[in-house]
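In: For reference, the sequence and a predicted model appear below.
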Amino acid sequence: MKRVARSLGLIPAAVAGALLAGAGCGKLIKGGPIGLGVGGSSGGAPGGGAGLALSGRGDAARAAELYKKFTYRDVTASDATTLFSSAGIAGNYNPKKDLKNPDPTWIPGWDALELTDEAQTALLQAAINRTWTAQAHDDYRRHRAAWKAIDGALRPKLDQALAEGGYYERATALAALYGEVRARAEAERVYYAASTPLGAVGLENDVVRAMVQIHRDAHLEFLVDEYLAKAGVDLRKFLGAGRPFAADDVERDLFTAYVQQHGSRFDTPALPALRDYGRGFAAVAWPTSDERDRAIAQARTKLVTDNAAALAVIDARAPNLFTGGTGDAAEPALRLIDGKTSTAVGSYTPVVVDKVTRKDGGAVVELESKYEQSFPYDCKTTDQWDAHGERVKQCKYKHVATRQQLTVTFGALPAGVELQRGDVVTLYADLVAKKESKDKVTYQLTGRALASVVRDGEPIATYW
């Protein structure tokens with residue numbers, strides 16, 4: 001196992017931050033409880049200094065034996081002196097007095113120690129760091145093995161999803177696959193949220209990239225956010241975290257650095273830290289070093305930056321064809337066709353299918369809606385008063401309906417959906433041409449995507 005020693009005189013950044021963070025689960029408190037009682041919350045065997053079977057005679061022999069047997073699961077107090085005493089060693093015994101460096105790898109600053117408290121702290125914190133790091137690295141191997149198994153089982157499904165016939169089929173297959181990847185990772189306890197350095201990685205990231213790509217290919221990037229949200233994906237978080245797995249040594253140290261502060265999903269707790277005295281912390285090596293932390297952070301940042309281009313999409317607004325005004329600058333022709341809208345003086349009826357003509361694998365669909373307005377005339381004042389103190393008027397009304405005729409050309413329709421006359425539809429399309437006359441407005445459009453289809457009052461297809 002590769003050990004990375006920290007420069008003497010530096011407390012590890014992860015531990016220092018935790019020490020200042022205050023109380024709470026997984027937090028480390030300088031001079032206070034560290035969250036692990038007798039037996040620990042890590043699932044280890046009941047421990048504590050008093051529970052260790054030390055056979056050596058004399059404080060020196062017992063201190064040397066204590067270092068070999070003490071683990072991160074045996075922490076029952078926040079200061080080393082209490083732990084020494086509970087192991088049957090005099091609380092005022094200075095291990096530096098009689099012992100040579102018991103582990104130069106994990107206590108590189110042994111020779112600089114002088115005081116009893118700092119020497120005891122260094123000896124036990126080094127034992128904690130050594131055993132905790134071994135467990136964290138075991139957790140990492142289990143973590144990566146699980147992800148490799150998930151990748152081997154489910155990546156073929158990614159290839160299959162991308163080979164589906166059209167956009168709708170691919171979108172459906174990819175959404176199902178993302179759910180399967182996440183469920184499998186949750187079951188194996190290797191899923192981490194995209195807001196952490198361990199999340200949005202590997203196959204999970206590749207599926208999200210594919211989700212974005214099919215929208216780009218179909219010129220439906222403006223729908224990506226809504227589509228991904230329904231699948232449980234926050235694109236902004238993947239833009240800031242999505243990446244492939246790094247080289248194994250980098251990935252291991254990313255895992256270790258994160259688990260050092262937060263614990264792993266395999267029940268390994270955050271790294272316990274005793275109360276520091278003098279040069280106690282500065283004398284020991286830690287699971288990662290400040291220099292290594294910077295290097296792995298830079299490596300991860302590069303992977304995330306390189307990956308972000310595949311997730312970038314055009315952010316465009318789709319105004320309603322009837323009431324939305326001009327198009328978005330990013331997509332000037334894009335419109336939402338939805339008749340359930342109104343103006344200050346009238347309202348539109350739902351958009352209904354009038355005729356469907358199949359053509360070249362797609363279809364030309366003729367749609368209708370009406371813009372209905374009512375104009376008062378021949379109004380007479382009555383003797384009645386309204387709630388505002390005004391005389392009530394009785395009027396006759398002239399009802400005017402302006403036909404809205406839309407011809408939409410689709411390159412493809414969803415498999416299994418056969419539009420019929422009378423279906424109520426909502427869709428996205430590009431406005432090609434618009435012509436107005438006294439009692440009719442005609443539109444020529446190129447369809448981008450169906451959003452929903454309702455037949456006889458029942459939805460038969462809903463995509464957005």
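Out: That came through, no problem.
In: Who's the closest spatial neighbour of Trp110, skipping the chain neighbours?
Out: Asn101 (4.0 Å; Cβ to Cβ, 6 or more residues apart in numbering). Heads up, the C-betas are built off the backbone N, CA and C, glycines and all.
In: I figured the one you found hits Leu113, correct?
Out: No - counting by Cβ atoms under 8 Å, Asn101 sits too far from Leu113 to count as a contact (9.6 Å).
In: what about these two, which has more around it?
Out: Leu113 (25 against 17; other Cβ atoms under 10 Å).
In: Run through the residues that contact that one.
Out: Listed by Cβ atoms under 8 Å, 6 or more residues apart in numbering, the contact set of Leu113 reads 96, 119, 122, 278-280, 283.
In: which residues in the stretch 201-350 of the chain form strands?
Out: 334-337, 346-348 (DSSP state E, counting those that start in this stretch).
In: just to revisit the earlier point, what about the residue nearest to Trp110, distance to Ile314?
Out: 62 Å (Cβ to Cβ, to the nearest Å).
In: what's the answer for Val351, then?
Out: Separation of Val351 from Ile314 (Cβ to Cβ): 25 Å.
In: more neighbours, the two?
Out: Between Val351 and Ile314, counted using other Cβ under 10 Å, the more crowded position is Val351 (24 against 14).
In: Contacts only, for that one.
Out: 337-339, 367-369, 404, 406, 424-427.
In: For Ala193, state which of the residues you listed is nearest.
Out: Of all the contacts of Val351, Ala193 sits closest to Thr426, with 33.2 Å by Cβ to Cβ.
In: quick one: what helix or strand has that closest one in it?
Out: Thr426 belongs to strand 424-436 when assigned by DSSP states H and E.
In: Contacts for that strand, please.
Out: In contact with strand 424-436 (Cβ under 8 Å, 6+ apart) are residues 220, 222-223, 318, 321, 327, 333-339, 350-353, 367, 408, 419, 441-455, 464.
In: Can you name the next helix or strand after that strand?
Out: Next along from strand 424-436, by DSSP H and E: strand 440-455.
In: thinking again about what came up before, want to throw the contacts of Leu113 into a markdown table with pLDDT and distance to Met211?
Out: Below are the contacts of Leu113 laid out as a markdown table (pLDDT from 0 to 100; distance: Cβ to Cβ, whole Å):
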| residue | pLDDT | distance to Met211 |
| --- | --- | --- |
| Lys96 | 95 | 60 |
| Ala119 | 98 | 57 |
| Ala122 | 98 | 51 |
| Gly278 | 96 | 55 |
| Arg279 | 96 | 53 |
| Gly280 | 97 | 51 |
| Ala283 | 98 | 51 |
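In: Of those - the most surrounded one?
Out: Of the contacts of Leu113, with other Cβ under 10 Å as the count, Ala122 tops at 29 neighbours.
In: What's the first helix or strand after the helix or strand encompassing it?
Out: Secondary structure from DSSP H and E places Ala122 in helix 116-162. Sequence-wise, the next helix or strand downstream of helix 116-162 (DSSP H and E) is helix 167-187.
In: Could you tell me the angle between that next one and strand 440-455?
Out: Between the axes of helix 167-187 and strand 440-455, defined by axes from the mean of the first three to the mean of the last three Cα atoms, to 10 degrees, the angle is 40 degrees.
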